[in-house]
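J.: take a look and give me a structure for this.
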Amino acid sequence: MVTRPDTFYLFLLLIPVVYIMYLRFIRGNKDLGSIGGKFRSRLLIDVFVVKWFFSSLLFILFMVFSILAAAEFTGSGKTTIKSSHGVDLVFLVDISGSMLCTDVAPSRLKRSTDLIGAYIENISGERFGLAVFKGEGIKIIPVTEDSSSLSAVLPYLTPDMFSSIGSNLENGINTSLNTFPKGEDRKKIIVLFTDGEVLGGDTLAAVEKAKNQNIDIIIIGTGTLKGIEIYKKNGEPFLDEKGNIVISRLNNNLFENMSILENVFYLNSSDTAVLKESLDIIEKRSGSSIVSDIKESRYRIFLSFAILFLFLYLSVRIFPWKNTF
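T.: Numbers count the residues shown, from 1 in each chain. Got it, this is the predicted structure:
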């Protein structure tokens, strides 16, 4: 499975790179022919051709494996949660405008929906629900065993789904609480995807309400502490009261305050092990038994080869192979 298939568009960069390499070969061949003399030029050109071929090949391999590393391939596998009572997971997704920020590639919202897809693909035998929120919260999919309906909705989650403005996490959590079926003896867990840029509501009151109902919350923070500038659809930046461009950042302080409560757990979506760590939390909190054969990221393999090819490329370029003078 490829976590970020859009990365494959970067392979188009190979076209201009190969073309530039070809131009360098033609120019280098011509220059050596003009300065090397009648007998020496043939020897110089032979060495140049060999070095050009291997250095070009190694650089292309470096680019290819770097792109494959960025695509985040995952291994095969499936995770089954076995519980005497069962587990219900409600995915709560922040669809406010800031979730379109690209400080987490390809965007905060797309990273969130990709992770939800990974949950669905890697967990079998349990039930899922879906709720979203901006200024208001809306139940999209009630808790169900039909995961295909949830998968079908994920590509259409956008801030344009409804017209409310702002980001009210309290409304979102309360909507999630109402998404769970009533009167069933199953462990209930909310998996929350948000950057934490909350503009209204009493978040801690909603978390306390979840705690009183014995419902856990796993926060998957999406965004970076450095943040990124926010722009309108027309390309103009959002400005604050002082005329400065608004920077959207991950609200770490909110998550830390929430995670003081024993029913709240905070993870970051940029962590390659976020799926495994959250499943470990589900196992511990639900008393479930997890048969783990999870699809873990294999980017390190491709990244290692990319670094190796880069080192070999530099070696070919730097170190002389033969004294031609």
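
J.: mind checking the backbone torsions on the residue nearest to Ser164 when sequence neighbours are not counted?
T.: Residue nearest to Ser164 in three dimensions, not counting chain neighbours: Gly135, with 3.4 Å by CB to CB, 6 or more residues apart in numbering. From N, CA and C alone the C-beta is placed, and that goes for glycine too. Backbone geometry at Gly135, expressed as degrees, to the nearest 10, gives phi -70, psi -30.

J.: got the domain ranges for the protein?
T.: 5-72+299-318, 79-291 (automatic domain parsing).

J.: out of the ones you listed, deepest packed?
T.: domain 79-291 (a mean of 18; mean count of other CB atoms under 10 Å).

J.: average pLDDT across it?
T.: Here domain 79-291 scores 89 as its mean pLDDT.

J.: which strand residues bridge the spatially closest residue to Glu229 that is not a sequence neighbour?
T.: Leaving aside its sequence neighbours, Glu229 sits nearest to Ile245 (CB to CB, 6+ apart; 4.9 Å). Applying DSSP bridges to Ile245 gives these bridge partners: Leu239.

J.: identify the residues contacting Ile245.
T.: The contact partners of Ile245, taken as CB atoms under 8 Å, 6 or more residues apart in numbering, are Glu229, Ile230, Pro237, Phe238, Leu239.

J.: do the same with Glu145
T.: Contacts of Glu145 (CB under 8 Å, 6+ apart): Glu126, Arg127.

J.: about what we covered before: how near is the residue nearest to Ser164 to Ser96?
T.: 8 Å (CB to CB, to the nearest Å).

J.: list the residues that contact both of these two?
T.: In contact with both Gly135 and Ser96: Gly166, Ser167, using CB under 8 Å, 6+ apart.

J.: just to revisit the earlier point, quick one: contacts for the residue nearest to Ser164?
T.: Ser164, Ile165, Gly166, Ser167, Asn168, Asn171, Leu199, Gly200.

J.: closest to Pro142 out of those?
T.: Asn171 (17.7 Å; CB to CB).

J.: excluding sequence neighbours, find me the nearest residue to the closest one.
T.: That would be Gly137: by CB to CB, 6+ apart, it lies 4.2 Å from Asn171.

J.: what do you get for Ser259?
T.: Tyr266 (4.4 Å).

J.: now that neighbour, what are its backbone angles?
T.: According to degrees, to the nearest 10, Tyr266 has phi -120, psi 130.

J.: was I right to think it contacts Ile217?
T.: No. If you go by CB atoms under 8 Å, Tyr266 and Ile217 don't touch, sitting 9.3 Å apart.

J.: now do the shared contacts for those two.
T.: By CB under 8 Å, 6+ apart, the residues touching both Tyr266 and Ile217 are Met258.

J.: can you pull the contacts of the residue nearest to Tyr299 when sequence neighbours are not counted?
T.: In space, and not counting its chain neighbours, Tyr299 is closest to Ala69: 4.5 Å by CB to CB, 6+ apart. Residues in contact with Ala69 (CB under 8 Å, 6+ apart) are Tyr299, Arg300, Phe302, Leu303, Ala306.

J.: can I get the residues you listed in CSV with pLDDT and secondary structure?
T.: Formatted as CSV, these follow (pLDDT from 0 to 100; DSSP: H, G, I helix; E, B strand; the rest coil):
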residue, pLDDT, secondary structure
Tyr299, 73, helix
Arg300, 78, helix
Phe302, 86, helix
Leu303, 86, helix
Ala306, 88, helix
